[in-house]
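In: this one's structure only:
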Ligand code: UDP
């Protein structure tokens, strides 16, 4: 069977890397990879293809940087053309970006079945572009690969068990990736060396970066943590860097350029704590036994909160500072295998084959 995979953003390259690997080991599935170009910088895109051994995209679009509507619309047009030319049996999309939605919608309108990896996740915050993308993508998919039991329950609550679709709990492909690449993790190059104890941060969600008060609260908290608790290492998303400058805010922490996945795993493993508004990083902290302070008001990964591994603190300066002080160096344990234990990609390929029979 012929699968056309649509990717476009950093977390999708990481997720697709392990599934593509499992596909290559199967003699029943042939994959064509389409990269929309949503993320295009060397350190936001190509580095992941090189480090993680993802096959070079067969189709490369160049769509990025515009408004949500324009980006998604242009993707729809060009993905449709690629589908007409390639005629796949199925389209596979990952996560919750504009590339996810455009891929799913283009395929569904052409009556090509859609598999959604990371289906069923909800923040219940419709102001997040990701929430809109994931809800709509689930609606037009017929194979919904869910990472957690919460995701399955969310789909049930929305009536998916009454529909002619398969909602399957396969586990989390990000755990597969973390396990697969952990031994290859490597120290990011730095002329200055790394502090023995540091807090690792990332910041890129629109709800934080596009709201001046939230961004200012987080920047102040990072500066205070850096000077009073422990050095903060911040691989900064290019969008966030631009917005911090535009807002005239001053960041006094150890800012570095975004790093590859192997370097990121190294940083997580050597950190005392992770603070982030990233979805993926909340789980990676957990996979490597680190507590996480999440700079958001909701999370899709509620089991981490229930397990006491993650604390949601929003964007309030004092709240962030106190949570970091409370959690620094705290170890967490995955005693219940919340994310499936690293076999999600294999399961996905088996289910793809089964659905095609
Ligand atoms: N990541 C990376 N380098 C960085 C920052 C993040 O490799 O400089 C990885 C991170 O480890 C995780 C993924 O990118 O696997 C998360 O992507 P992001 O935070 O952009 O998206 P989200 O998970 O929030 O959708």
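Out: Nice, thanks for sending it over. Everything quoted here is computed from the prediction, not taken from an experiment.

In: Now do the buried residues in the helix ranked longest in the chain.
Out: Taking DSSP state H as the criterion, the chain has its longest helix at helix 68-86. Neighbour counts over helix 68-86 (16 or more other C-beta atoms under 10 Å) mark 71, 72, 74, 75, 76, 78, 79, 80, 82, 83 as buried. Using the backbone N, CA and C atoms, a C-beta is placed for each residue, glycine as well.

In: Show the pLDDT at the fourth one.
Out: The one in question is residue 75. Looking at residue 75, its pLDDT is 98.

In: out of everything not next to it in sequence, what's closest to it?
Out: Using C-beta to C-beta, 6 or more residues apart in numbering and skipping residues adjacent in sequence, the residue nearest residue 75 is residue 102, 3.4 Å away.

In: Could you give the number of residues near that neighbour?
Out: With neighbours defined by other C-beta atoms under 10 Å, the count for residue 102 comes to 29.

In: who does the strand or helix carrying it touch, helix- and strand-wise?
Out: For residue 102, the host element (DSSP states H and E) is helix 98-109. Judged by 3 or more C-beta pairs under 8 Å, 6 or more residues apart in numbering; DSSP states H and E, the packing partners of helix 98-109 are strand 2-7, helix 68-86, strand 90-94, strand 114-117, helix 129-140.

In: okay, those in JSON lines with distance to the ligand next?
Out: Output for these, formatted as JSON lines (distance: least, C-beta to the nearest ligand atom, whole Å):
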{"stretch": "strand 2-7", "distance to the ligand": "12"}
{"stretch": "helix 68-86", "distance to the ligand": "15"}
{"stretch": "strand 90-94", "distance to the ligand": "10"}
{"stretch": "strand 114-117", "distance to the ligand": "13"}
{"stretch": "helix 129-140", "distance to the ligand": "7"}
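
In: Just send those back as CSV, with distance to residue 284 too.
Out: Below are the helices and strands packed on helix 98-109 laid out as CSV (distance: least, C-beta to C-beta, whole Å):
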stretch, distance to residue 284
strand 2-7, 19
helix 68-86, 27
strand 90-94, 16
strand 114-117, 17
helix 129-140, 18
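
In: Which residues of the protein lie near the ligand?
Out: 10-11, 14, 202, 204, 235, 258-261, 264, 278-281, 284 (C-beta under 6 Å from any ligand atom).
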